[in-house]
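A.B. asks: Could you look at this predicted model? Sequence included:
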Amino acid sequence: MSGYRRANMGSYGGGYSDDDISRFLAPYMQQQQRQQQQFRPGPFDSSLEPAAKRLKREETKQEKEQREALEIQAPPQSMTGVSESVTRICAKLSHGIYKANSKQGLNGLSTDGVDVEVILFDDHGILKTTTPPFGVAILPELKTMVLVWRGSMTKVDWVLDMAVAPVASSRWKNAAKNLRGHAGYTALVESDLALHEDYLIAEIQKRGISQVILTGHSLAGAMAQISQVAIQGQLSQEGSPWNCLQDKQLMIRSIQFGAPMTCMLLDEDDKGSSDFWSKVSATSCNLVFASDMLPRAPGNFRYVDDAIRTALVPFVKDAFKDVPIMSMLDLFPSAYQKLVDLYQDETKKQDIIDIVKVCIKYQHVGSIVWYESVQASPIKLNDYQFRTHDKYQYSIPSDTPFPNRTLKQHHVKVPALLAHDTPAKK
């Protein structure tokens with residue numbers, strides 16, 4: 001029974017009449033009505049209210065300035081291979097899956113008239129703390145299926161990020177015997193494909209799907225890239241469950257957000273491996289914001305090293321700011337310098353140098369779509385340009401108080417802002 005009904009029945013005591021209760025509630029009800037009339041979802045809360053029910057009114061100058069400050073230009077189709085609306089849907093999925101606990105948690109995805117139907121959400125049950133959730137959505141009018149994973153959240157996710165051993169896979173060995181993938185991401189992809197590929201193939205056939213897009217942010221973007229390599233390799237492999245789709249000319253594409261490097265080619269003179277790499281590269285892109293460090297890892301050691309040297313001490317201060325004894329270290333700057341010296345000493349050890357020699361072979365498969373700032377138009381780069389040109393090296397000013405915070409903000413910027421509902425070209 002509602003509180004209002006109990007009040008009318010006198011359950012509050014004191015002999016209040018209906019008129020007394022009405023007068024008491026009136027200011028509260030008026031306030032609620034004003035809030036509802038003024039409510040406009042923020043950039044990350046567009047799913048809280050269906051677009052068709054949003055109150056239509058002319059926005060104020062201040063609201064317009066705030067909105068424009070939180071908008072980012074979606075890259076054109078010439079950079080991604082898909083419409084701006086589809087890129088935004090991928091961003092919404094990649095951003096929204098961090099908080100989703102079910103299919104219903106991935107709502108508010110339809111964009112600019114492009115409908116989205118979520119058909120699968122697997123949080124892996126009792127394994128959820130060690131295995132990122134996986135989801136599948138359908139864009140019916142576009143005959144497109146989108147596969148999405150969640151990025152790093154748990155300690156195990158970060159351990160998997162560090163599992164940099166380059167491995168071969170039966171998924172692509174026939175198509176590209178000299179291609180190697182990041183062990184951590186490859187293992188996660190293999191698990192989800194083994195669990196769900198029969199269902200995915202059946203849905204592709206039943207719905208007449210002509211395009212599969214793999215997407216995700218951070219670790220999940222890396223999984224999207226490895227998935228593209230794996231599925232593309234399976235399409236042409238006899239005996240593979242995916243081989244039945246080869247004659248349907250199914251397009252496999254990946255759109256990643258802030259994803260690290262995932263693959264290396266051991267022998268570029270191997271024509272089969274090089275041709276396969278080029279084929280995958282033509283339909284793959286990674287959207288990166290400014291100084292985001294993760295897309296430079298693990299292959300661009302120059303960038304990663306500069307970022308760690310600059311951000312290590314502020315990171316430690318941030319992490320232990322609520323621990324009283326740690327705050328006392330501010331009185332002894334040499335203690336922090338010893339931390340930096342320890343890092344520098346470790347990177348000079350031969351076993352670390354040997355690991356770095358392997359890591360720098362990692363590359364991005366496909367293009368980089370790079371944003372210098374929120375207001376800037378995106379720029380399309382290849383892996384070599386992104387890795388070597390001074391313009392794209394570490395550039396956070398040395399006097400920035402907490403560069404670690406800037407790095408974190410830049411890492412989440414692109415999917416978060418693209419997930420904001422703004423008009424885009426279909």
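C.D. replies: In hand now; what should we look at?
A.B. asks: switch to C-alpha atoms for all contacts and neighbour counts from now on
C.D. replies: Noted.
A.B. asks: burial of the closest residue to residue 143 other than its chain neighbours, as a residue count?
C.D. replies: Spatial nearest neighbour of residue 143, excluding adjacent residues (Cα to Cα, 6 or more residues apart in numbering): residue 209 at 4.6 Å. For residue 209, the count of nearby residues is 21 (other Cα atoms under 10 Å).
A.B. asks: Tell me which stretches of the stretch 101-250 of the chain form helices.
C.D. replies: Here the stretch 101-250 of the chain has its helices, by DSSP state H, counting those that start in this stretch, at 155-161, 183-207, 219-235.
A.B. asks: Include mean neighbour count, mean pLDDT and distance to residue 288 when you put the ones you listed into a markdown table, please.
C.D. replies: Formatted as a markdown table, the helices of the stretch 101-250 of the chain follow (neighbours: other Cα atoms under 10 Å; pLDDT from 0 to 100; distance: least, Cα to Cα, whole Å):
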| stretch | mean neighbour count | mean pLDDT | distance to residue 288 |
| --- | --- | --- | --- |
| helix 155-161 | 16 | 90 | 18 |
| helix 183-207 | 16 | 97 | 19 |
| helix 219-235 | 27 | 97 | 11 |
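A.B. asks: okay if I get these as JSON lines plus distance to residue 85?
C.D. replies: Converted to JSON lines, those look like this (distance: least, Cα to Cα, whole Å):
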{"stretch": "helix 155-161", "distance to residue 85": "30"}
{"stretch": "helix 183-207", "distance to residue 85": "21"}
{"stretch": "helix 219-235", "distance to residue 85": "19"}
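A.B. asks: Tell me which residue is most central in this structure.
C.D. replies: Nearest residue to the geometric centre of the chain (Cα atoms, centre = their mean): residue 217, 1.5 Å.
A.B. asks: isn't that one right up against residue 255?
C.D. replies: No. Assessed by Cα atoms under 8 Å, residue 217 is found out of contact with residue 255, at 9.2 Å.
A.B. asks: what residues are up against the residue nearest to residue 143?
C.D. replies: Residue 209 sits next to 143, 144, 145, 203, 250 when contact means Cα atoms under 8 Å, 6 or more residues apart in numbering.
A.B. asks: any idea how far residue 99 is from residue 195?
C.D. replies: 23 Å (Cα to Cα, to the nearest Å).
A.B. asks: Strands of the stretch 1-150 of the chain, start to end?
C.D. replies: Secondary structure of the stretch 1-150 of the chain by DSSP state E, counting those that start in this stretch: the strands cover 117-122, 134-139, 144-149.
A.B. asks: ok, and which of those strands has the densest surroundings?
C.D. replies: Highest mean neighbour count among the strands of the stretch 1-150 of the chain (mean count of other Cα atoms under 10 Å): strand 144-149, with a mean of 26.
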